[in-house]
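A.B. asks: Need the 3D shape of this:
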Amino acid sequence: MKSHTEYLTINTPTERAFINLTPQVEQILRKSGIQEGLLLCNSMHITSSVFINDDERGLHEDFTKWLEELAPFNSSPEHYHHNRTGEENADAHLKRQIMGREVVVAVTAGKLDFGPWEQIFYGEFDGRRPKRVLIKIIGQ
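C.D. replies: Below you'll find the model as predicted:
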C-alpha cells in the first residue's frame, strides 16, 4: 500500500468564503499515482471546514444565510462565552462544527468516485489569515 500527503494553504481575503477544492485535489490524486484507495481531505483549523456538496452559487448563499441564522456573528462576550477569552470568533467555531472537519472519498480507477454533482469545498468562517488543508491518499 502506498500513501501520499500534501498540504494546501488557503488565505481568503474575506471573513467568510466557500472555495471549490476539487481541481486541486484531483491534481494531487493524479500526482500520487494511486489508482484504488481512499482520499482524506480535512481542514487543519478550528474555524474552517471541508465538506462535499454541489457547486451552485445559490446553494452557497443559502449555506451562508443558514449558518448565520444558526450561529450569528456577535463579538460580545455576553453573547458567546468563548469571546470572553479576548477572541471574537465563537460563531466561526460553531459554523465549523455544523459544516464538518473532513471528507473521505473513494478513489476508483485513479479518480475521485463521486456521486452526481458532488465536489469538495473548503468553508472559511474566520478568514484573512493562512490556514492549511491536509490531503492524504492511501491505496495502490
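A.B. asks: Who are the packing partners of the helix or strand where Ile135 lies?
C.D. replies: Per DSSP states H and E: Ile135 is located in strand 131-139. With contacts defined as 3 or more CB pairs under 8 Å, 6 or more residues apart in numbering; DSSP states H and E, strand 131-139 has these neighbours: strand 2-10, helix 22-32, strand 37-43. Every residue, glycine included, has its C-beta placed from N, CA and C.
A.B. asks: Give the other helices and strands that the helix or strand that the last one is followed by contacts.
C.D. replies: Using DSSP H and E, the next helix or strand after strand 37-43 towards the C-terminus is strand 48-53. Strand 48-53 makes packing contacts with strand 37-43, helix 90-99, strand 102-108, strand 119-124 when contacts are defined by 3+ CB pairs under 8 Å, 6+ apart.
A.B. asks: repeat that with 10 Å
C.D. replies: Where contact means 3 or more CB pairs under 10 Å, 6 or more residues apart in numbering; DSSP states H and E, strand 48-53 is packed against strand 17-20, strand 37-43, helix 57-70, helix 90-99, strand 102-108, strand 119-124, strand 131-139.
A.B. asks: Which residue would you name as the spatial centre of this protein?
C.D. replies: The chain has Val50 as the residue nearest its centroid, 2.0 Å off, counting by CA atoms, centre = their mean.
A.B. asks: quick one: that one and Leu39 touch, right?
C.D. replies: No - using CB atoms under 10 Å, Val50 makes no contact with Leu39, being 11.3 Å away.
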